[in-house]
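Trainee: 3D model of this:
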Amino acid sequence: MPEVRHSVCALDCPDCCSLLVTVEDGRATRLRGDPAHPVTRGFLCGKVAQYLEREYHPDRLLHPAKRVGAKGEGRFERIGWDEALDTIAARLRAIAEESGPEAILPYSYAGTMGLLNGSGMDRRFFHRLGASRLDRTICSTAGGAGLTQALGFRYGTEPEQFRHAKLILAWGANILGTNVHLWPFVMEARRQGAKLYTIDPRRNRTGAAADRHYFIHPGSDTALALAMMHVIIGEDLHDREYVERHTTGFEGLRERVREWTPQRAASLTGIPAEDIAALAREYATTRPAVIRLNYGVQRSERGAMAVRAIALLPALTGSWKDVGGGLQLSTSQAFQLNRTALERPDLQQRSALGREARLVNMAQLGRALDASTAPPVKALVVYNSNPAAIAPDRNAVLRGLSRDDLFTVVLEQFPTDTADYADILLPATTFLEHTDLYLAYGHYYLQLARPALAPPGECRSNVEVFRLLAARMGFDDPCFRDREDEMIAQLLDSPHPFVRGITLAELERDHFVRLRVADDGGPFRPFAEGGFGTPDGRCHFDAETLDYQPPAESRLGDGALWSKYPLELISPKNDDSMNATFGHREAVDLQTATLHLASADAVPRGIATGDAVRVFNDRGSCVLAARIDPGVPAGVAAAPAVRWGRKAPDRMNVNALTSQRLTDQGGGPVFYSCLVEVEKIGD
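Mentor: Purely as a prediction, here's the structure:
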């Protein structure tokens, strides 16, 4: 009989149905499962089945290789694992001795969401080596900072509770495109009469399916939230009891938002004043009402402030009391695993440095790779990421990657933009081919994944590669001999009540386990009775620090810059890929090679759908195909992220346009605070 394999889906597919997958002789057959509860299934979905069938894609990297052409050409010759590992160890050892271990920089993010292969043996290795630490800010740190300032914890409403909501605000959240496991619960709520409203600079798939869409100027979300507070407090629509019992600073907030009239916010957001007032009233008077806030909001110069302001709304209305109320941005802090035991930061004390290494912000890789930094980065080890495609200010990044004196190692599944610059290229397993443990930021289930397939060719997991490198570097610490199950047991060894008692045996049996977030297994309402992550357990409005100023790169920011570059470029997540993952697929490349424009902006420039256009600013340019899109308002240009430059005619993507400026808090990138101009290419 064919064998049904289980694993974790990290693909975020738009058409996910939580299908079971039958694997026989290396081939996958889709069998329909239960689409009603995708968040708790833990099985491979239909798109993963397609992925399984592509495992022997002709472009899959199957063998170690060394560079034989110029950096960026992508020309390599096959070598063995021993030669590859010996070369890497020798070069890292020499660089550490000559320039100090901080001249070595790891670069990784969420190419796998697994803890073992994403932040396990690799962290141990680089800590023991004394390499520079990477500040992993590329995705969510600004939002995390804003959410923590508002609530004290990165907790949120369970996705299963959305079925009980009567009003759902998808604020910067393309649920149907990039948060698909929530969509069945949204649809269940709508079948029971709930309304779904979307707030976004672009009307995406979710906006097209919503009851109403609000077009908002990029980066102006704080102004909208403050104006909603103005209406809610001014019309006495706040929950007095909840505010009195579980918050502080309400009178200061009342005074602060007095000046934030809907009329003022309308001039900043582009949303009519009467619509702002009506939205505030409906949100405050509908129970339960829930906000699905997502990370697009925080990829702006004032991103942390925007998240904080929005996250204060449920405390003002008391919607945290309701099953199906509240807000979800992230649930990640509930996974109180023993990350210290996994990552072993104490090993830095045993390195040649004998101390904590310097911290390098991954959103400023272009600056970090500038040879003038002290000490200069002489070695870059890239895994679980494709920085040549995803990092801001791409031209600066490529200049750094092209340095002859930079030794670059890349662990990858496919020949990516970054792989083209590698000196040594190592074939890595996918999440389907190794054991790992997965936390989440959109639900409360801990999940175990075992291999669904044997690794093809000579592919090896990150855990194995860094274990072998540690041996070659002479690191004799026992932790480098830990096997995967031992590392999982170390992670689970946590005293926190959300995790305490969860065992590997339980995960092995059930594949997924809900965190112990509710004693009776009932709905988790993290702030129903206060319990905010502050010393007094109250939500602190701290109104004296609540404010809004338009981003410098916006229509209301730097006037001289806007007159030169009058379009606000956003690069939202593409529905059918994950950041740069799957960029090798032709269908994905077509989607990410498109610039969506309003007719009001395209026609005066002589641009029609299908025309090749040049998008440019002072940092660089890229060539895309124009599409006139009624879902994009005047003054905004949208390019789904992110294309592989190696597939573009000019070998560029939208990150040639984005800057290395950082957010107001959290050190995140400002991908959506980016002014550009667009011109048609040719006749």
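Trainee: Look at A454 and give its secondary structure.
Mentor: Here A454 is coil, with the state taken from DSSP: H, G, I helix; E, B strand; the rest coil.
Trainee: was I right about it contacting E433?
Mentor: Yes - under the criterion of Cβ atoms under 8 Å, A454 makes contact with E433 at 6.9 Å. Glycine gets a C-beta too; all of them are placed from N, C-alpha and C.
Trainee: So between these two, which is more surrounded?
Mentor: E433 (19 against 11; other Cβ atoms under 10 Å).
Trainee: for the more buried one, what are its contacts?
Mentor: 451-456, 459, 461 (Cβ atoms under 8 Å, 6 or more residues apart in numbering).
Trainee: Buried among those? Need that as a selection in PyMOL.
Mentor: Buried members of the contacts of E433, defined by 16 or more other Cβ atoms under 10 Å, are picked up in PyMOL with:
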select buried, resi 451+452+453+455+456+459+461
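Trainee: show me where the stretch 151-300 of the chain has strands.
Mentor: Under the criterion DSSP state E, counting those that start in this stretch, strands of the stretch 151-300 of the chain are mapped to 167-171, 195-200, 212-215, 247-248, 289-293.
Trainee: Relative to the third one, what are the paired strands and their orientations?
Mentor: Strand partners for strand 212-215, identified by DSSP bridges, are recorded as strand 195-200 (parallel).
Trainee: Same question for the last one.
Mentor: Partner strands and pairing direction for strand 289-293 (DSSP bridges) are strand 167-171 (parallel), strand 326-328 (parallel).
Trainee: Could you point out which of these sits nearest G120?
Mentor: Shortest separation from G120 across those is recorded for strand 326-328, at 27.4 Å, computed as Cβ to Cβ.
Trainee: residues making contact with that closest one?
Mentor: 156-159, 161, 290-293, 310-311, 313-314, 319-320, 442, 525-527.
Trainee: Now do the contacts for the residue nearest the centre of the chain.
Mentor: Central residue of the chain (Cα atoms, centre = their mean): C139, 4.0 Å from the mean position. Counting by Cβ under 8 Å, 6+ apart, C139 makes contact with 109-110, 295, 668.
Trainee: again, only this time at 7 Å
Mentor: 109-110, 295 (Cβ atoms under 7 Å, 6 or more residues apart in numbering).
Trainee: and these, which of them are in helices?
Mentor: Among the contacts of C139, DSSP state H puts none in helices.
Trainee: quick one: the strands in the stretch 1-150 of the chain?
Mentor: Going by DSSP E, counting those that start in this stretch, the stretch 1-150 of the chain shows strands at 3-5, 20-24, 27-31, 65-67, 76-78, 104-107, 133-135.
Trainee: Now do the last one, average pLDDT.
Mentor: Which is strand 133-135. Mean per-residue pLDDT for strand 133-135: 98.
Trainee: What of the fourth one?
Mentor: When the per-residue pLDDT values of strand 65-67 are averaged, the result is 98.
Trainee: quick one: contacts of it?
Mentor: For strand 65-67, contacts defined as Cβ under 7 Å, 6+ apart pick out 76-79, 422-425.
Trainee: rewinding a little: which one among the contacts of E433 gets closest to M652?
Mentor: C459 (30.0 Å).
Trainee: Please tell me how far the longest helix along the chain is from the chain's geometric centre.
Mentor: The longest helix of the chain (DSSP H) is helix 81-99. Relative to its parent chain, helix 81-99 has a centroid offset of 32 Å by Cα atoms, centre = their mean, to the nearest Å.
Trainee: outside of it, which residues touch it?
Mentor: By Cβ under 7 Å, 6+ apart, the list of residues contacting helix 81-99 reads 64, 103-104, 129, 352, 375, 378-379, 407, 409, 424, 426, 458, 468-469, 472-473.
Trainee: can you dump the C-alpha coordinates of it into CSV?
Mentor: Taking C-alpha atoms only, helix 81-99 is exported to CSV below (Å, rounded to 0.1, in the frame of the first residue of the first chain):
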residue,chain,number,x,y,z
TRP,A,81,31.9,17.2,0.2
ASP,A,82,35.3,16.6,1.8
GLU,A,83,37.0,19.1,-0.5
ALA,A,84,34.1,21.6,0.0
LEU,A,85,34.2,21.4,3.8
ASP,A,86,38.0,21.3,4.0
THR,A,87,38.1,24.5,1.9
ILE,A,88,35.5,26.3,4.0
ALA,A,89,37.1,25.4,7.3
ALA,A,90,40.6,26.4,6.1
ARG,A,91,39.4,29.8,4.8
LEU,A,92,37.3,30.6,7.9
ARG,A,93,40.2,29.6,10.1
ALA,A,94,42.6,31.8,8.2
ILE,A,95,40.2,34.8,8.1
ALA,A,96,39.6,34.5,11.9
GLU,A,97,43.3,34.4,12.6
GLU,A,98,44.2,37.3,10.2
SER,A,99,41.2,39.7,10.7
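Trainee: about what we covered before: among the contacts of strand 65-67, give me the pair with the biggest separation.
Mentor: R78 and D423 (14.6 Å).
Trainee: more neighbours, these two?
Mentor: D423 (19 against 13).
Trainee: doesn't L406 make contact with that one?
Mentor: No - applying Cβ atoms under 7 Å, one finds D423 not in contact with L406, separated by 8.4 Å.
Trainee: where in this structure is pLDDT low?
Mentor: Filtered on pLDDT under 70, the chain yields the residue ranges 1-57.
Trainee: Contact partners for D611?
Mentor: 626, 680.
Trainee: Count the neighbours of the closest residue to T206 other than its chain neighbours for me.
Mentor: Counting by Cβ to Cβ, 6 or more residues apart in numbering, T206 lies nearest to L176, which is 4.4 Å off, once chain neighbours are set aside. Counted with other Cβ under 10 Å, residues neighbouring L176 total 24.
Trainee: circling back: of all the strands paired with strand 289-293, which gets the most neighbours per residue?
Mentor: strand 326-328 (a mean of 27; mean count of other Cβ atoms under 10 Å).
Trainee: How about residues contacting the helix or strand just after that one?
Mentor: Later in the chain than strand 326-328, the nearest helix or strand by DSSP states H and E is helix 339-343. Outside of helix 339-343, the residues within contact range by Cβ under 7 Å, 6+ apart are 115, 119-120, 123-124, 487, 490-491, 493.
Trainee: One more: stretch 463-472?
Mentor: 85-86, 88-89, 116-117, 120-122, 125, 128, 411, 426, 480, 484.
Trainee: Which residue, neighbours along the chain excluded, lies closest to E255?
Mentor: A543 (7.0 Å).
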